[in-house]
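Asker: here you go, sequence then predicted model.
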Amino acid sequence: MDLFSRSWTALRAAVAELGDEDFVRPSGCAGWLVRDLVCHLVIDAQDVLITLVTPVDEEPTRDAVTYWAVSRTPPTGEDPLDALIVRLAAAYREPGLLKFHLDDVGSAAGRAADLVDRGLRVGTQDQVLTAGDYLDAYVLEWTMHHLDLIAHLPDAAEPPAEGLARTRAMVEKIAGIAFPASFSDRDALLIGTGRRAATAAERAELGASAAELPLFLG
């Protein structure tokens with residue numbers, strides 16, 4: 001099982017373990033409840049399925065790192081798709097239905113990822129990537145959203161250690177910095193993507209690199 005599959009399986013398992021009451025807790029995504037995040041994961045799974053069956057003839061224009069759009073300002077919540085996800089998540093009413101939909105579509109996305117030729121060139125968001133780079137980019141997506149899912153659920157299982165390490169390396173490449181070795185992978189990712197503010201001591205360790213953070217990836 002490759003890292004995409006391990007990360008995606010772990011994230012779906014974490015959702016499956018949620019109690020109904022957990023769906024109305026805040027997530028690590030500002031302005032989103034856990035149910036909104038899980039609904040977003042359904043959309044993500046659909047995107048994976050669509051992309052993996054959309055081969056193109058053009059040469060790749062992006063790789064797993066350059067796939068990401070980088071902003072220095074946090075999302076405002078005014079994006080139409082973000083607003084749609086909140087409304088759609090509320091429409092499920094019963095958390096079990098949302099769990100079922102994620103398991104159904106998510107399992108299919110996982111099978112598609114297992115079967116695809118990683119050298120296949122695919123198109124998404126007006127970009128061209130190899131399927132391998134596309135799936136590697138999604139290791140970052142799954143890992144960060146796993147951290148978002150458990151942000152206020154201290155007893156929930158964390159993302160795979162390999163996924164955290166790979167995502168840290170990707171964020172360092174995107175930012176053009178190296179986090180201090182004293183930072184755990186989780187802390188590096190939360191600070192680097194603006195999910196929590198660095199303490200004064202952490203900013204001192206970051207030094208000049210602190211000016212490059214946080215990054216907001218989309």
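Answerer: Thanks, I have it. Numbering: from 1, shown residues only.

Asker: contact partners for the residue lying closest to V24 once chain neighbours are set aside?
Answerer: Closest residue to V24 apart from its sequence neighbours, by Cβ to Cβ, 6 or more residues apart in numbering: L33 at 5.7 Å. For the C-beta atoms, the positions are set from N, CA and C on the backbone; glycine is no exception. Listed by Cβ atoms under 8 Å, 6 or more residues apart in numbering, the contact set of L33 reads 23-27, 89.

Asker: how far away is L33 from D22?
Answerer: Distance of L33 to D22, given as Cβ to Cβ, to the nearest Å: 10 Å.

Asker: what's the answer for A137, then?
Answerer: Plainly put, A137 is 28 Å away from D22 if you go by Cβ to Cβ.

Asker: so, low pLDDT: which residues of this protein?
Answerer: Within the chain, the stretches with pLDDT under 70 are 1, 76-78.

Asker: and the helices in it, which stretches?
Answerer: 3-16, 34-52, 80-92, 95-115, 131-149, 161-175, 185-192, 200-206 (DSSP state H).

Asker: let me know which of these is tucked in deepest.
Answerer: Each of the helices of the chain was scored by mean neighbour count; the highest is helix 131-149, a mean of 24, by mean count of other Cβ atoms under 10 Å.

Asker: mind exporting that helix as PDB, just the C-alpha atoms?
Answerer: The C-alpha trace of helix 131-149 is given here as PDB (Å, rounded to 0.1, in the frame of the first residue of the first chain):
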ATOM      1  CA  ALA A 131      -1.100  10.500 -11.900                       C
ATOM      2  CA  GLY A 132       1.700   9.800  -9.600                       C
ATOM      3  CA  ASP A 133       2.400  13.400  -8.900                       C
ATOM      4  CA  TYR A 134      -1.300  14.100  -8.500                       C
ATOM      5  CA  LEU A 135      -1.600  11.300  -5.900                       C
ATOM      6  CA  ASP A 136       1.500  12.500  -4.100                       C
ATOM      7  CA  ALA A 137       0.000  16.000  -3.900                       C
ATOM      8  CA  TYR A 138      -3.000  14.400  -2.200                       C
ATOM      9  CA  VAL A 139      -0.900  13.000   0.600                       C
ATOM     10  CA  LEU A 140      -0.600  16.600   1.700                       C
ATOM     11  CA  GLU A 141      -4.400  17.100   1.400                       C
ATOM     12  CA  TRP A 142      -5.200  14.000   3.300                       C
ATOM     13  CA  THR A 143      -2.600  14.600   6.000                       C
ATOM     14  CA  MET A 144      -3.600  18.200   6.700                       C
ATOM     15  CA  HIS A 145      -7.300  17.400   6.700                       C
ATOM     16  CA  HIS A 146      -6.700  14.500   9.100                       C
ATOM     17  CA  LEU A 147      -5.100  17.100  11.400                       C
ATOM     18  CA  ASP A 148      -8.100  19.300  10.900                       C
ATOM     19  CA  LEU A 149     -10.500  16.500  11.700                       C
END
